[in-house]
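Student: Okay, structure incoming, though there's no sequence with it:
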């Protein structure tokens with residue numbers, strides 16, 4: 001979390017992570033650095049994998065999430081990050097990094113769904 005202020009008298013505000021900062025966190029697997037960050041323009045946090053076995057809604061949600069980033073400046077959907085509504089800032093704040101069992105996440109399944117839906 002980075003804070004900036006326009007002047008010594010101004011109230012500090014939180015600067016969202018840039019895509020390059022997100023890439024660094026992902027490349028170095030320093031996911032704990034995300035705790036305290038807000039979801040935003042470049043970051044969508046999911047506490048668990050999409051539940052494709054529950055029906056078409058999960059597939060539609062994945063396609064919607066990916067296309068939203070594709071139609072903007074890009075971004076990351078990170079699975080395994082618990083969030084809650086922030087009490088002091090507008091948005092959902094990442095509160096915990098959770099390990100996801102490899103048996104619950106199949107990258108090929110995600111690729112196939114995106115190829116079908118996008």
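Tutor: On my side now, so go ahead. It should be emphasised that the depicted structure is a prediction, and the values quoted were computed from it without experimental measurement. Numbers count the residues shown, from 1 in each chain.

Student: the strands in the chain, which residues?
Tutor: Secondary structure of the chain by DSSP state E: the strands cover 2-4, 13-15, 43-46, 76-79, 81-85, 92-97.

Student: Out of those, which is the most enclosed?
Tutor: strand 43-46 (a mean of 20; mean count of other Cβ atoms under 10 Å). C-beta coordinates here come from the backbone N, C-alpha and C atoms, glycine included.

Student: Return the per-residue confidence for residue 91.
Tutor: pLDDT recorded at residue 91 is 87.

Student: okay, now it: neighbour count?
Tutor: Residues near residue 91, counting by other Cβ atoms under 10 Å, number 13.

Student: got a list of what it touches?
Tutor: By Cβ atoms under 8 Å, 6 or more residues apart in numbering, the contact list for residue 91 reads 38, 39, 40, 85.

Student: Can you report how many residues neighbour the first one?
Tutor: In other words, residue 38. 19.

Student: hang on, it packs against residue 16?
Tutor: Yes - the pair residue 38 / residue 16 is scored as a contact, 6.7 Å apart, by Cβ atoms under 8 Å.

Student: quick one: buried residues of the top helix by length along the chain?
Tutor: If you go by DSSP state H, the chain has its longest helix at helix 56-70. Residues of helix 56-70 classed as buried by neighbour count (16 or more other Cβ atoms under 10 Å): 59, 62, 66, 69.

Student: Quick one: the strands of the chain as a markdown table, columns for distance to residue 110 too.
Tutor: Shown next, in a markdown table, are the strands of the chain (distance: least, Cβ to Cβ, whole Å):
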| stretch | distance to residue 110 |
| --- | --- |
| strand 2-4 | 31 |
| strand 13-15 | 30 |
| strand 43-46 | 12 |
| strand 76-79 | 10 |
| strand 81-85 | 17 |
| strand 92-97 | 20 |
